[in-house]
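Enquirer: pasting the sequence and the predicted coordinates here, then a few questions.
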Amino acid sequence: ETAVFQTPNYHVTQVGNEVSFNCKQTLGHDTMYWYKQDSKKLLKIMFSYNNKQLIVNETVPRRFSPQSSDKAHLNLRIKSVEPEDSAVYLCASSSNSAETLYFGSGTRLTVL
Amino acid sequence: GEQVEQLPSSLIVQEGASVLINCSYTDSASVYFPWYKQEPGKRLQFIIDIRSNMERKQTQRLTLLFDKKTKHLSLHITATQPGDSAIYFCSASPNYNVLYFGSGTKLTVEP
């Protein structure tokens, strides 16, 4: 099956902890993205990687750091989570920059 | 950065009705405008797109209109079905590196 896979589906943690989310795409795409979707369904771009190179880094707090080992993987680490980090984190990929995006099913983070 | 707005925020219609979703953007450099839908519990899915050198695109029951002068798009869905119930997102890309999304329009189609 070719798609975008995210793990975990859900994560509950406490303020100040570190979390890490994984994303893998088997579509052979060169570009991967992290988006944040808040409780009102607003979607905001966080990062974009093209072939392991960071090409977009929106105004995201420094506690967020993307990690890419190869063009098929783009992980997201959050150091010292805060309550406003509670959201669904969506990973996506595309064959050319910003052409049709294929999304994963998301990781729902709840910060207590 | 690019700002994308959508109206209305929600729509409730009867099966068979047509709906219109409006979208506006601010960055005149935006050149690519895809739309996505998110059904309850499912992942975001591409449905239609248009580029800035086009004025209209149609696929099955979807018609997308683009006005470069007013920086406005509208998505027309005809003969709606309960399966069309979803949140519809407009987006804009100024440089093909990233998509900026609107706030979404929640469509509910009642049988």
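Expert: All right, it came through fine. Numbering: from 1, shown residues only, chains lettered A, B, ... in the order given.

Enquirer: what's around residue 25, how many residues?
Expert: All of this is about chain A. The tally of other residues near A:Gln25 (other C-beta atoms under 10 Å in any protein chain shown) stands at 23. All C-beta atoms are positioned from the backbone trio N, CA, C, and that covers glycine.

Enquirer: wrong chain, I was asking about chain B
Expert: 22.

Enquirer: ok, the closest residue to it other than its chain neighbours - contacts?
Expert: Counting by C-beta to C-beta, 6 or more residues apart in numbering or on different chains, B:Ala92 is the residue found nearest to B:Tyr25 once chain neighbours are left out, at 4.4 Å. By C-beta atoms under 8 Å, 6 or more residues apart in numbering or on different chains, B:Ala92 lies in contact with B:2, B:4, B:25, B:27, B:30, B:32-33, B:99-100.

Enquirer: show me which residues of chain B sit near chain A.
Expert: Within chain B, the positions adjacent to chain A are B:1, B:32, B:34, B:36, B:38, B:42-46, B:49, B:87, B:89, B:93, B:95-101, B:103-104, B:106 by C-beta under 8 Å from any C-beta of the partner chain.

Enquirer: report the buried members of these.
Expert: Using 16 or more other C-beta atoms under 10 Å in any protein chain shown as the burial test, those include B:32, B:34, B:36, B:38, B:43-44, B:46, B:49, B:87, B:89, B:93, B:98-101, B:103-104 as buried.

Enquirer: all strands for the chain, in order.
Expert: Went with chain A since none was named. In chain A, the segments counted as strands under DSSP state E are A:4-7, A:10-13, A:19-25, A:31-37, A:43-50, A:53-57, A:64-70, A:73-78, A:87-94, A:102-103, A:107-111.

Enquirer: hmm, I had chain B in mind actually
Expert: Under the criterion DSSP E, chain B contains strands at B:4-7, B:10-14, B:19-25, B:32-38, B:45-51, B:56-59, B:62-67, B:72-77, B:86-92, B:100-101, B:105-110.

Enquirer: quick revisit: now the weakest link among the strands of chain A, please, by mean pLDDT.
Expert: Lowest mean pLDDT within those: strand A:53-57, a mean of 79.

Enquirer: helices or strands next to it in the packing?
Expert: strand A:43-50 (3 or more C-beta pairs under 8 Å, 6 or more residues apart in numbering or on different chains; DSSP states H and E).
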